[in-house]
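Chemist: Okay, here's the prediction I keep looking at, along with the sequence it came from:
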Amino acid sequence: MPIKTKLRILVVSRMYPHPDMPCNGPFVHEQVKALRQKGMDVRVISGRAFPLFLKRPWGVKRRWRHFRHAWDHLDWTEYDGVPVVYVPYHVGWTARLLGLDDPYRDAVFHAGCWARGTFDFDLIHAHTAYPDGFAALFLATTFSRPFVITEHTGPFSILTRRRDLRYKTISALCRAERIWCVSDSLTREVAAYLPADVRCRVQTLYNGVDTERFRPPVDWRPNPDAPRLAFVGLFEPVKNLPVLIDAFARLRRRLPKATLSLVGEGPLYPSIQKQITRLRLDSAVRLLGRLDREQTARFLREECDVLVLPSRSETFGVVLIEALASGKPVVASRCGGPESIVTDPRLGTLCQPNDVRALYHCLLQTIARLPEFDRDAIRNYAVEKFDYDVLASSLIEQYQVIARPTAFPANLRAA
């Protein structure tokens, strides 16, 4: 079968934005948009968890009707120019009561069978080995289509800690034509779990950045005596925000005009507020809540001198390349993904994770060098290495090679 110039790609991703959750997986959505702008017909199946709460039994019947209505009226909807079908799947006690082995897999499979009626896809691209890759595996084998996986999960051990989860994860990876990991450290981690004959399919393919949206300010004159530090992300334990607050408290004793802005929300929001008050930093720290993509881009462009990411673990760190595309230096912990991004001191500084003193000294060092950072050089690095146009071109080249009839050996088993 000749290779097609315009491929039809079906993306399977639970991490995909929805009108109710616009900040869910924007990097997947922006990758899909970049592919469509290059002429690929790319559409998305995205599962949405559908719980029925026993604590509110009077609402179970109504919620069940909504679930059935969603399936009875399954259709493509447009999200920011991308055709998406959002499929509900049961979670919790409902799935157990109905005896469902893997509700997500079943939901995606039935939606994929439905989608074939109007969209005869050539290739399936799943984002994460589980649950998306495991679901894509069943579609791929049923319709004899190749499928690929982009792995974002970190630490990857999350997907291998239980025997059943490990089986599903490794099964999907072993059957994928390509396994793209979003950082070099994740590539090594994933490969270590796979048989030797599968490791050759594991490659690094970085996440991308919208360099039109994230761009430098017209004029940037940072003041080392009054630096504007910023954090953008979820307020959850892995992001290590308490360490950043403690390091900033030390920094304020040295630089009393320094400020810190925190963008995001999450379960640690109340405790972070209390920590800020306890350290008497209310006048120096701004809690800005969640911002949309345009607001985040404007914030990094106009209200930030240094982006700080103190995480314990990052598979990549998209916000780092968004800051770099905005012409701003970064400070991040050596926790996996950042080492693939901050490869030169002209881009910023890396420090040991979970170490207040180390983060404090890295902040001091970076702030002292603020007048030396070249906004345009930082921006050019991000454009050349992480621009979505570059990422989409690389993906399309590999899609063209992979998009051929694929017969999976019946005896191929997961390790």
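Modeler: The structure has been received and is ready for your questions. Residues are numbered from 1 along each chain as shown.

Chemist: Going by C-alpha atoms from here, please, whenever you check contacts or count neighbours.
Modeler: Noted.

Chemist: All the strands of the stretch 101-250 of the chain, residue numbers only.
Modeler: Ranges of strands in the stretch 101-250 of the chain, per DSSP state E, counting those that start in this stretch, are 123-127, 147-151, 178-181, 202-204, 228-232.

Chemist: So in that sheet, which strands flank the second one, and in what orientation?
Modeler: Taking DSSP bridges as the criterion, strand 147-151 forms sheet pairs with strand 123-127 (parallel), strand 178-181 (parallel).

Chemist: Just put these in JSON lines and tack on mean neighbour count.
Modeler: Formatted as JSON lines, the strands paired with strand 147-151 follow (neighbours: other CA atoms under 10 Å):
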{"stretch": "strand 123-127", "mean neighbour count": "26"}
{"stretch": "strand 178-181", "mean neighbour count": "26"}
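
Chemist: Now render the ones you listed as CSV, adding mean pLDDT.
Modeler: Formatted as CSV, the strands paired with strand 147-151 follow (pLDDT from 0 to 100):
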stretch, mean pLDDT
strand 123-127, 97
strand 178-181, 97
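
Chemist: Figure out which of those strands is closest to residue 168.
Modeler: strand 123-127 (13.8 Å; CA to CA).

Chemist: quick one: contacts of the closest one?
Modeler: If you take CA atoms under 8 Å, 6 or more residues apart in numbering as the criterion, strand 123-127 is touched by 7-15, 28, 132-133, 136, 140, 145-152, 399, 403.

Chemist: Please apply the same query to stretch 281-298.
Modeler: 22-23, 213-215, 249, 257-265, 276, 322, 326.

Chemist: So which of these belong to helices?
Modeler: Using DSSP state H, the subset of the contacts of stretch 281-298 located in helices is 249, 276, 322.

Chemist: quick one: which of the residues you listed is nearest to residue 192?
Modeler: residue 322 (30.0 Å).

Chemist: how far out from the middle of the chain is stretch 150-170?
Modeler: Relative to the centre of its chain, stretch 150-170 is centred 16 Å away, using CA atoms, centre = their mean, to the nearest Å.

Chemist: now swap in stretch 137-153 and tell me
Modeler: For stretch 137-153, the distance to the chain centre is 19 Å (CA atoms, centre = their mean).

Chemist: in that stretch, what counts as buried?
Modeler: For stretch 137-153, the neighbour count (16 or more other CA atoms under 10 Å) marks 137-140, 143-153 as buried.

Chemist: model confidence over it, on average?
Modeler: In this model, stretch 137-153 carries a mean pLDDT of 96.

Chemist: can you tell me the distance between the two ends of that stretch?
Modeler: Terminal residues of stretch 137-153 lie 18 Å apart, using CA to CA, to the nearest Å.

Chemist: what's next to that stretch, contact-wise?
Modeler: 105, 109, 112-113, 122-129, 133, 136, 159, 172-173, 175-182, 315-316, 402-408.

Chemist: got it, and stretch 258-274?
Modeler: Contacts of stretch 258-274 (CA under 8 Å, 6+ apart): 225-237, 241-242, 248, 251-252, 284-291.

Chemist: out of the contacts of stretch 281-298, which are buried?
Modeler: 23, 213-215, 249, 258-265, 276, 322, 326.

Chemist: Pick out the most distant pair among those.
Modeler: 213 and 249 (32.4 Å).

Chemist: residue contacts, residue 234?
Modeler: 264, 265, 266.

Chemist: Can you list the residue ranges for helices in the stretch 251-400 of the chain?
Modeler: Secondary structure of the stretch 251-400 of the chain by DSSP state H, counting those that start in this stretch: the helices cover 269-278, 293-302, 318-325, 338-341, 356-368, 375-386, 388-402.

Chemist: ok, and which of those helices has the densest surroundings?
Modeler: Mean neighbour count (mean count of other CA atoms under 10 Å) peaks for helix 318-325 among the helices of the stretch 251-400 of the chain, with a mean of 27.

Chemist: That one - what's its average pLDDT?
Modeler: pLDDT averaged over helix 318-325 gives 98.

Chemist: Counting by contacts, list what that helix packs against.
Modeler: Packing partners of helix 318-325 (3 or more CA pairs under 8 Å, 6 or more residues apart in numbering; DSSP states H and E): strand 306-309, strand 330-333, helix 338-341, helix 375-386.

Chemist: how does it look with 7 Å?
Modeler: Counting contacts by 3 or more CA pairs under 7 Å, 6 or more residues apart in numbering; DSSP states H and E, helix 318-325 is packed against helix 375-386.

Chemist: for the helix it packs on, packing partners?
Modeler: Against helix 375-386 (3+ CA pairs under 7 Å, 6+ apart) you get helix 318-325.

Chemist: tell me the angle the helix it packs on makes with strand 228-232.
Modeler: Our comparison of helix 318-325 with strand 228-232, counting by axes from the mean of the first three to the mean of the last three CA atoms, to 10 degrees, yields an angle of 140 degrees.

Chemist: Outside of helix 318-325 itself, which residues are in contact with it?
Modeler: 207, 209, 211, 214-216, 232, 300, 307, 330, 378-379, 382-383 (CA atoms under 7 Å, 6 or more residues apart in numbering).
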